[in-house]
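[1] Need a 3D model of the sequence below.
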Amino acid sequence: MRVHFIAIGGSAMHNLAIALHNKGEQVTGSDDEIFEPSKSRLQAKGLLPEKFGWDPSKITHDIDAVILGMHAKADNPELLRAKELQLKIYSYPEYLYEQSKTKTRVVIGGSHGKTTITSMILHVMHYHQKEVDYMVGAQLEGFDTMVHLTDSNDFIVLEGDEYLSSPIDRRPKFHLYQPNIALLSGIAWDHINVFPTFENYVEQFSIFLDQITEGGAIIYNEEDPQVKQLVETSGRTIKKYPYKTPVYEVEDGQTLLDTPEGLMPIEVFGKHNLNNLEGARWICQLMGIDADDFYEAIASFKGASKRLEKIIETNTAVAYKDFAHSPSKVKATTEALKNQFPNRKLIACLELHTYSSLNPEFLTEYRGTLDAADAAVVFYSPHAVMIKGLEEIKNTQITKAFQREDLMVFTNPADFKTFLYTEDLKNASLLLMSSGNYGGLDFNELKKLY
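    Have a look, this model is predicted:
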């Protein structure tokens with residue numbers, strides 16, 4: 001097979017390109033810009049384009065498949081040439097489905113917890129040396145790529161993202177996988193630039209349920225009322241398995257999971273992570289891993305990259321960074337860290353970075369999300385607001401939205417950095433939540449403060 005990627009440099013796209021290359025396919029690609037680590041990883045495999053930019057002459061009759069990334073525009077010259085030649089054009093999820101038609105497809109869906117649950121499943125499978133194909137949204141310890149494809153493995157585990165498939169395919173990615181086994185972790189309104197109402201957003205998960213193959217199975221979080229209502233009223237002929245947060249204790253900053261063999265120390269913490277763990281246990285059971293083997297493996301799971309990832313630890317302080325940006329994730333992550341270290345001052349910092357989080361109408365969804373913190377900080381860039389074409393946000397709007405009078409709001413990266421570097425971090429927990437980097441914060445330099 002000869003496969004060409006339009007926008008090969010994306011996080012997901014370059015991983016798929018490498019996976020196909022590793023499988024033995026002939027892979028080419030283009031992009032107008034490629035950043036690290038994609039650039040070095042593509043270069044190591046000989047897949048980095050010789051020069052950046054779009055070149056329609058690369059699109060020829062002998063290409064078997066063109067994979068179109070979200071970064072490309074609908075009028076991309078390579079895409080237009082591919083259409084002219086009537087080549088088969090796939091979105092990223094479409095191609096994954098094509099590669100997994102003969103496999104048992106396990107799809108992890110939900111507004112939050114998808115990456116963590118998928119990572120937990122893969123960690124357990126890897127621990128027990130059970131080979132599966134996969135696609136996950138974060139780099140995992142012990143795994144070379146975020147995508148792995150073979151012709152021989154029976155299972156493929158897919159993180160089911162509800163965002164759009166490509167510039168010319170406006171369907172959510174997880175509508176295209178047709179799972180045999182699915183999981184739904186929770187529903188909390190997100191991506192308002194695509195799903196302008198909560199009802200419209202929820203509808204996407206209803207469609208996801210309808211895509212499960214007849215006789216398949218749905219594992220669902222019964223503690224989420226929206227998920228519970230959606231699954232239990234579904235008329236789809238599928239098996240339904242509810243799960244809920246398992247019993248656990250926290251002692252001296254250590255989380256202990258209640259198992260049939262007694263209390264077991266685990267590396268991850270927080271109610272939402274324990275809830276994720278139980279969902280992963282159910283999926284692993286349906287994939288042939290019994291409870292004892294699951295617990296043995298999960299004890300060493302340290303978390304997915306940027307999901308409550310410990311970056312600093314001393315005798316008197318700890319610092320974590322987390323990808324959290326949606327209101328439900330911010331609330332769960334902040335509460336998790338406070339519950340884990342209740343006797344330490346919690347300094348919770350949130351960067352409003354995504355389209356939804358910077359939308360004045362959506363800001364009210366953040367009410368109370370930082371209440372568990374002793375010191376609450378919000379950082380945002382007015383320049384980012386302008387680039388996204390949104391209304392100007394005032395600091396008073398943010399304070400009102402979060403319903404916290406003592407909220408500290410920063411718009412200048414230098415001021416935020418000064419705050420961090422002068423704050424007393426003894427007997428403290430620092431939480432940095434963002435899908436960005438606070439205007440260029442150097443996390444390695446931050447470590448020197450401890």
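
[2] got a pLDDT number for residue 41?
    Here the pLDDT value assigned to residue 41 is 96.

[3] can I assume it is in contact with residue 14?
    Yes. Judged on C-beta atoms under 8 Å, residue 41 makes contact with residue 14 at a distance of 6.3 Å. C-beta here means a position set from N, CA and C on the backbone, and glycine is covered the same way.

[4] Longest strand of this protein, counting residues only.
    strand 345-352 (DSSP state E).

[5] How far away from the center of its chain is that one?
    With C-alpha atoms, centre = their mean, to the nearest Å as the basis, the distance from the averaged C-alpha position of strand 345-352 to the chain average is 20 Å.

[6] quick one: strands adjacent to whichever helix or strand comes after that strand?
    Toward the C-terminal end, the helix or strand that comes next after strand 345-352 (DSSP states H and E) is strand 375-380. Using DSSP bridges, the strands paired with strand 375-380 are strand 345-352 (parallel), strand 408-410 (parallel).

[7] Buried deepest among these, which one?
    Among the strands paired with strand 375-380, strand 345-352 has the highest mean neighbour count (mean count of other C-beta atoms under 10 Å), at a mean of 24.

[8] Now do the helices in the stretch 301-450 of the chain.
    Listed in chain order, the helices found in the stretch 301-450 of the chain under DSSP state H, counting those that start in this stretch are 327-340, 382-387, 395-402, 413-422, 443-446.

[9] which one of those is the most hemmed in?
    Burial of the helices of the stretch 301-450 of the chain is given as mean neighbour count (mean count of other C-beta under 10 Å); helix 327-340 ranks first at a mean of 22.

[10] circling back to that earlier point, export the strands paired with strand 375-380 to JSON lines and tack on distance to residue 388 and mean pLDDT?
    Converted to JSON lines, the strands paired with strand 375-380 look like this (distance: least, C-beta to C-beta, whole Å; pLDDT from 0 to 100):
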{"stretch": "strand 345-352", "distance to residue 388": "11", "mean pLDDT": "96"}
{"stretch": "strand 408-410", "distance to residue 388": "18", "mean pLDDT": "96"}
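
[11] coming back round to it: which outside residues touch the longest strand of the chain?
    Outside of strand 345-352, the residues that reach it under the criterion C-beta atoms under 8 Å, 6 or more residues apart in numbering are 324-325, 330, 334, 337-338, 358, 369-370, 372-380, 398, 416, 420, 423, 425, 427-436, 438.

[12] and those residues, which are buried?
    Neighbour-count burial (16 or more other C-beta atoms under 10 Å) applied to these gives 324-325, 330, 334, 337-338, 358, 369-370, 372-373, 375-380, 398, 416, 420, 425, 428-434, 436, 438.

[13] Can you name the residues that contact the spatially most central residue of the chain?
    Centrality entry for the chain: nearest residue to the mean C-alpha point is residue 115, 4.6 Å, by C-alpha atoms, centre = their mean. Contact criterion C-beta under 8 Å, 6+ apart gives 136, 137, 138, 159, 304, 307, 323 as the residues in contact with residue 115.

[14] Would you confirm that it belongs to a helix?
    Yes. Secondary structure of residue 115 (DSSP: H, G, I helix; E, B strand; the rest coil): part of a helix.

[15] Check the gap between it and residue 324 for me.
    Look at residue 115 and residue 324: by C-beta to C-beta, to the nearest Å, they are 11 Å apart.

[16] any idea of the mean pLDDT for the helix or strand containing residue 121?
    Element membership for residue 121 (DSSP H and E) is helix 114-127. Mean pLDDT, computed over helix 114-127, is 95.

[17] With stretch 383-400 instead?
    Per-residue pLDDT over stretch 383-400 has a mean of 87.

[18] May I have it as CSV, with CA atoms only?
    Written as CSV, here are the backbone C-alpha positions of stretch 383-400 (Å, rounded to 0.1, in the frame of the first residue of the first chain):
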residue,chain,number,x,y,z
HIS,A,383,-4.0,37.6,22.3
ALA,A,384,-5.4,34.1,22.2
VAL,A,385,-8.9,35.4,22.6
MET,A,386,-8.3,37.8,19.7
ILE,A,387,-6.9,35.1,17.5
LYS,A,388,-9.9,32.8,18.1
GLY,A,389,-12.2,35.7,17.1
LEU,A,390,-14.0,35.8,20.5
GLU,A,391,-15.3,38.7,22.5
GLU,A,392,-12.9,40.4,24.8
ILE,A,393,-12.9,39.0,28.3
LYS,A,394,-12.5,41.1,31.4
ASN,A,395,-10.9,39.9,34.7
THR,A,396,-14.2,40.7,36.5
GLN,A,397,-16.1,38.4,34.2
ILE,A,398,-13.7,35.5,35.2
THR,A,399,-14.0,36.2,38.9
LYS,A,400,-17.8,36.3,38.6
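
[19] which residues of the stretch 201-350 of the chain score low on pLDDT?
    Counting by pLDDT under 70, not a single residue of the stretch 201-350 of the chain qualifies.

[20] where exactly do the strands run in it?
    Assigned by DSSP state E, counting those that start in this stretch, the strands in the stretch 201-350 of the chain fall at 217-221, 239-243, 248-251, 254-259, 262-266, 309-313, 317-322, 345-352.

[21] Identify whichever of those strands lies nearest to residue 409.
    With C-beta to C-beta as the criterion, residue 409 lies closest to strand 345-352 of those, at 9.7 Å.

[22] now that closest one and helix 413-422, what's the angle there?
    170 degrees (axes from the mean of the first three to the mean of the last three C-alpha atoms, to 10 degrees).

[23] per-domain residue ranges of this structure.
    Residue ranges for the domains of the chain, per automatic domain parsing: 2-87, 95-298, 309-449.

[24] starting at the chain centroid, how far to the shortest one?
    Yep, that's domain 2-87 we're talking about. The gap between where domain 2-87 is centred and where its chain is centred comes out at 23 Å by C-alpha atoms, centre = their mean.

[25] That one: end-to-end distance?
    12 Å (C-alpha to C-alpha, to the nearest Å).

[26] What of the longest one?
    Criterion C-alpha to C-alpha; first-to-last residue distance in domain 95-298 is 31 Å.

[27] Find the nearest non-adjacent residue to the residue located most distally from the centre of the chain, please.
    Here the chain reaches farthest from its C-alpha mean at residue 61, the gap being 36.2 Å by C-alpha atoms, centre = their mean. The shortest distance from residue 61 to any residue that is not its chain neighbour, by C-beta to C-beta, 6 or more residues apart in numbering, is 6.0 Å, and that residue is residue 85.
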